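**Student:** Build the 3D model from these lines:
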Amino acid sequence: MKIIDGGVTAAQGFEAAGVEAAIKYQNRKDMSLIYSRVPCKAAGVFTSNVVKAAPVLWDKEIVAHSPYAQAVVVNAGIANACTGKEGYACCARTAKKAAAVLTVPEDSVLVASTGVIGWQLPLEKIEAGIEKLAAAKADTPEAGLAAVEAMMTTDTKPKQAAVQIEIGGKTVTIGACCKGSGMIHPNMCTMLGFIATDIAISKELLQEALSEDVKDTFNMISVDGDTSTNDTLVILANGLAGNAEVTEKGRDYEAFREALHYIDTTLAKKMAGDGEGATALFETKVTGAATKEEAKSLAKSVVCSSLTKAMIYGHDANVGRIMCALGYAGVDFDPEQVDIFCEGDGNRMQICRNGMLTDYNEDEATKILAAPEVSVIVDMHRGEAEAAAWGCDLTYDYVKINADYRS
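**Tutor:** Next up is the predicted model:
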């Protein structure tokens, strides 16, 4: 696997654009287009929230029942959630307009929205934005970057990744982008994410690969404990790499899954580290667990704890907060077997041995926890299973950002 620069335009046949449509924001890009020159197999994973935004309902139908997908239209600023029949009709009108402009079937157009819940979208501005997007689309890295920039709400930086692998003697590329900074919690993928690849693969295997990988990547991040109404992760595969279609599990499928896992993990960590108000990416690794599910529960419990998140912000190696979070994870374990380490900037320190504090140097621990990427490693000494979860520190700015989000 070769890591390359770029995002959704990295794979053959994909174009993108980002433009200003003044949906809610002024003087910034707020609409995106991702487009494939040829039809794509599509797979998706969507929010587990019972309150699902209109674009989620639309996209679930497209992914499940349309023969293929070819375009994605995204807007930022207004989420088109809790908008009833009018909101769903807006999705249909968006798809109709994009289909006409791009000369593709209406049921091949996916839509996605992010922003304030409860407001109706200004349809005239959406349709005008689609015209601009179609005129601006290109297959360049700059176009891909513009697309992800236009999806951002409270994100502070664009998030994208790309890799290349060899399948059947052909170079296959996977490029992706996502947005996500708040309302992020394990229970699907908690974001808007779009993966574009030129692999030839069956729809069934594409869906299975995505659904399975989400469990260990996007399902393992949390910023604030809130699962969004709009969570959407879609992968499009247009087959232009020219490989023999992957229709069964084997070496080629596993190579694709490995590359997809790198993409998903990279983007998941980028989102966690860019949580609203965050100053650090906070990773929890659990090793020595009895089962994988046990390791996941323990890791997520620590990374989701408001007290451990505040601890990271204060650079305070408070073992008690970590042990407490482990203790209410729903896993029955012996506390006197637990070892805990912290890592940052290439330095590692054990702060707990057999469930008790070690005689560690507080100043050195503070330096480690002041790194921009911090890890807490927990060894349960119960088995061979392990898992990782990602989050961020909890800061004053998180409250400031969300106190007046609508304005």
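
**Student:** so what strands line up beside the host helix or strand of Lys285?
**Tutor:** Using DSSP states H and E, Lys285 maps to strand 281-289. Paired strands of strand 281-289, with direction, are strand 373-379 (parallel), strand 385-392 (antiparallel) (DSSP bridges).

**Student:** Would you mind pulling the contact partners of it?
**Tutor:** With C-beta atoms under 8 Å, 6 or more residues apart in numbering as the test, strand 281-289 has contacts from 269, 272-273, 295-296, 298-300, 302-303, 308-309, 312, 331, 372-393. For glycine as for every other residue, the C-beta is placed from the backbone atoms N, C-alpha and C.

**Student:** if we can go back for a sec, so which of the strands paired with strand 281-289 is the most surrounded?
**Tutor:** strand 385-392 (a mean of 25; mean count of other C-beta atoms under 10 Å).

**Student:** Please work out the average pLDDT along it.
**Tutor:** Strand 385-392 shows a mean pLDDT of 93.

**Student:** now it, how far from the chain's geometric center?
**Tutor:** 15 Å (C-alpha atoms, centre = their mean, to the nearest Å).

**Student:** now do stretch 38-52
**Tutor:** Centre to centre, stretch against its chain (C-alpha atoms, centre = their mean), the figure for stretch 38-52 is 13 Å.

**Student:** Please renumber the chain so that the first residue is 44 from this point on.
**Tutor:** Let's use 44 as the start, then, which means that last one is stretch 81-95.

**Student:** Pull out the buried residues from it.
**Tutor:** Pro82, Cys83, Lys84, Ala85, Ala86, Gly87, Val88, Phe89, Thr90, Asn92, Lys95 (16 or more other C-beta atoms under 10 Å).

**Student:** could you pull out the helices for the chain?
**Tutor:** Secondary structure of the chain, counting by DSSP state H: helices at 97-108, 127-145, 166-179, 184-194, 246-257, 294-316, 335-347, 349-356, 362-370, 405-412, 439-446.

**Student:** returning to what we had before: any chance of the buried residues of stretch 81-95 in JSON lines, plus pLDDT and distance to Gly211?
**Tutor:** Shown next, in JSON lines, are the buried residues of stretch 81-95 (pLDDT from 0 to 100; distance: C-beta to C-beta, whole Å):
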{"residue": "Pro82", "pLDDT": "98", "distance to Gly211": "21"}
{"residue": "Cys83", "pLDDT": "98", "distance to Gly211": "19"}
{"residue": "Lys84", "pLDDT": "98", "distance to Gly211": "17"}
{"residue": "Ala85", "pLDDT": "98", "distance to Gly211": "22"}
{"residue": "Ala86", "pLDDT": "98", "distance to Gly211": "20"}
{"residue": "Gly87", "pLDDT": "96", "distance to Gly211": "25"}
{"residue": "Val88", "pLDDT": "93", "distance to Gly211": "27"}
{"residue": "Phe89", "pLDDT": "93", "distance to Gly211": "31"}
{"residue": "Thr90", "pLDDT": "87", "distance to Gly211": "35"}
{"residue": "Asn92", "pLDDT": "83", "distance to Gly211": "39"}
{"residue": "Lys95", "pLDDT": "92", "distance to Gly211": "38"}
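
**Student:** biggest separation within those residues, which pair?
**Tutor:** Pro82 and Asn92 (30.3 Å; C-beta to C-beta).

**Student:** and which of the buried residues of stretch 81-95 is nearest to Asp307?
**Tutor:** Nearest member of the buried residues of stretch 81-95 to Asp307, counting by C-beta to C-beta, is Val88, at 10.4 Å.

**Student:** Leaving aside the residues adjacent along the chain, what's closest to that closest one?
**Tutor:** Leu276 (4.7 Å; C-beta to C-beta, 6 or more residues apart in numbering).

**Student:** Surely Lys140 and Glu170 touch.
**Tutor:** Yes: using C-beta atoms under 8 Å as the test, Lys140 is close enough to Glu170 to be in contact (4.7 Å).

**Student:** Comparing those two, which residue is more hemmed in?
**Tutor:** Lys140 (21 against 17; other C-beta atoms under 10 Å).

**Student:** Look through the chain and report the residue furthest from the middle.
**Tutor:** What lies farthest from the middle of the chain is Asp402; by C-alpha atoms, centre = their mean that is 38.7 Å.

**Student:** Look up phi and psi at that one.
**Tutor:** phi -90, psi 60 (degrees, to the nearest 10).

**Student:** likewise Ser245?
**Tutor:** Taking degrees, to the nearest 10 as the convention, Ser245 sits at phi -70, psi 150.

**Student:** and it, what does it touch?
**Tutor:** Lys84, Glu288, Val289, Thr290.

**Student:** do you know how far the second one is from Ile105?
**Tutor:** In other words, Glu288. Computed as C-beta to C-beta, to the nearest Å, the Glu288 to Ile105 distance reads 22 Å.

**Student:** Over to the last one?
**Tutor:** Thr290 sits at a distance of 22 Å from Ile105 (criterion: C-beta to C-beta).

**Student:** what about these two, which has more around it?
**Tutor:** Between Thr290 and Ile105, counted using other C-beta under 10 Å, the more crowded position is Ile105 (22 against 13).

**Student:** Excluding chain neighbours, what is closest to that one?
**Tutor:** Spatially, and ignoring its direct neighbours in sequence, Ile105 is nearest to Leu153 (5.6 Å; C-beta to C-beta, 6+ apart).

**Student:** give me the beta-bridge partners of that neighbour?
**Tutor:** Val115.

**Student:** so where's the stretch 194-343 of the chain uncertain?
**Tutor:** Within the stretch 194-343 of the chain, the ranges that satisfy pLDDT under 70 run 224-233, 266-270, 318-320.

**Student:** 80 instead, please
**Tutor:** Filtered on pLDDT under 80, the stretch 194-343 of the chain yields the residue ranges 197, 223-233, 265-271, 316-321.
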